[in-house]
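Participant: Got a sequence here, can you model it:
(one chain, ligands or ions: 1)
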Amino acid sequence: MTATVTGQPAAARVTDAVKVYGSGETEVRALDGVTIGFPAGRFTAIMGPSGSGKSTLMHCAAGLDTLTSGEAHIGGTELGALSDNRLTLLRRERVGFVFQAFNLLPTLTVAENITLPQDLAGSRPDPEWTDALIDVVGLRDRLRHRPAELSGGQQQRVAVARALAGRPDVVFADEPTGNLDSRSGEEVLGLLGSAVRRMDRTVVMVTHDPVAAAHADEVVFLADGRLAGRMAAPTAERVLDALKAYDRKEAGS
Ligand SMILES: Nc1ncnc2c1ncn2[C@@H]1O[C@H](COP(=O)(O)OP(=O)(O)OP(=O)(O)O)[C@@H](O)[C@H]1O
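Facilitator: Residues are numbered from 1 along each chain as shown. Predicted coordinates for the structure are as follows:
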């Protein structure tokens, strides 16, 4: 197991991760030798300047995209060794996703959206777990509503519940508060934090927002496709200062 700074085993990790887009003059090294483990039972935020490789790292760690070289593991499973079918199954059964754009199915009710991944996988939702989850996300009185009848914050809470419903090894969240006002954003971040602290889940979140990152146990900074630093017990102020320093370095001053 890759060591993590907390000493916890990694729920997901990449080793010597390189991702190259294009070739020749248009070649971009989006990831340039990143080794990092995301500890189980912890909330990790990935930050860095625009274009530093955050989304690429998340997509490759989650099996949504493949590395050019290096390895990506979810638990003990190496993703590069899996066929497309097995990778699809692994994503469905062991990974949860939350995206900026909610991505709920408009024709399904809240309850149906929450259990959709398990329904697709043909697995039976655990009623006790689903029930507890509905209370944690505060959606009990909305279960029969459709997404269009909910506010943005409520829709994202449904997406968080859906991501957690199958008790995945790890939930990857890509700018989950990017479309929300600050109050709804705080609610969604609080939920992700509760999932980690009260329900023993693992969350990895890409964000631009230092206030959002401060909800995490640890922040990982990328710069220019490389791991630039890590910060435990972050505060918004310290995160902002660190980001400014990385921006200055990239600008070469
Ligand atoms: N499909 C692609 N084809 C070519 N280049 C790409 C592709 N996807 C990303 N890139 C490039 O790879 C680099 C890293 O992109 P990535 O989206 O991972 O960065 P990011 O840190 O998430 O950026 P942002 O904060 O702006 O979303 C950038 O230079 C980007 O232009």
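
Participant: neighbours of the closest residue to Arg144 other than its chain neighbours, just the number please.
Facilitator: Among residues not flanking Arg144 along the chain, Thr109 sits closest, at 5.3 Å (C-beta to C-beta, 6 or more residues apart in numbering). C-betas here are computed from N, CA, C, even on glycine. Using other C-beta atoms under 10 Å, Thr109 has 16 neighbouring residues.

Participant: Could you pick out the residues of the stretch 51-200 of the chain near the ligand for me?
Facilitator: Taking C-beta under 6 Å from any ligand atom as the contact definition, the stretch 51-200 of the chain meets the ligand at Gly51, Ser52, Gly53, Lys54, Ser55, Thr56.

Participant: any low-confidence regions in the stretch 101-250 of the chain?
Facilitator: Across the stretch 101-250 of the chain, the ranges flagged by pLDDT under 70 are 250.

Participant: if we can go back for a sec, buried subset of the residues of the stretch 51-200 of the chain next to the ligand as a ChimeraX selection?
Facilitator: Applied in ChimeraX, the following selects the buried portion of these according to 16 or more other C-beta atoms under 10 Å:
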select :52,53,54,55,56
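
Participant: I'd like to know the average pLDDT value across stretch 37-55.
Facilitator: What stretch 37-55 shows for mean pLDDT is 95.

Participant: Off-centre distance for that stretch?
Facilitator: 8 Å (C-alpha atoms, centre = their mean, to the nearest Å).

Participant: Just the buried positions in that stretch, please.
Facilitator: Residues of stretch 37-55 classed as buried by neighbour count (16+ other C-beta under 10 Å): 37-49, 52-55.

Participant: now swap in stretch 99-107 and tell me
Facilitator: For stretch 99-107, by 16+ other C-beta under 10 Å, it's Phe99, Gln100, Phe102, Leu104.

Participant: Quote the end-to-end distance of it.
Facilitator: Start and end residues of stretch 99-107 are separated by 19 Å (C-alpha to C-alpha, to the nearest Å).

Participant: which residues are in contact with it?
Facilitator: With contacts defined as C-beta atoms under 8 Å, 6 or more residues apart in numbering, stretch 99-107 is touched by 112-113, 116, 146-148, 152, 155-156, 158-159, 162, 173-176, 178-179.

Participant: That'll do, ta.
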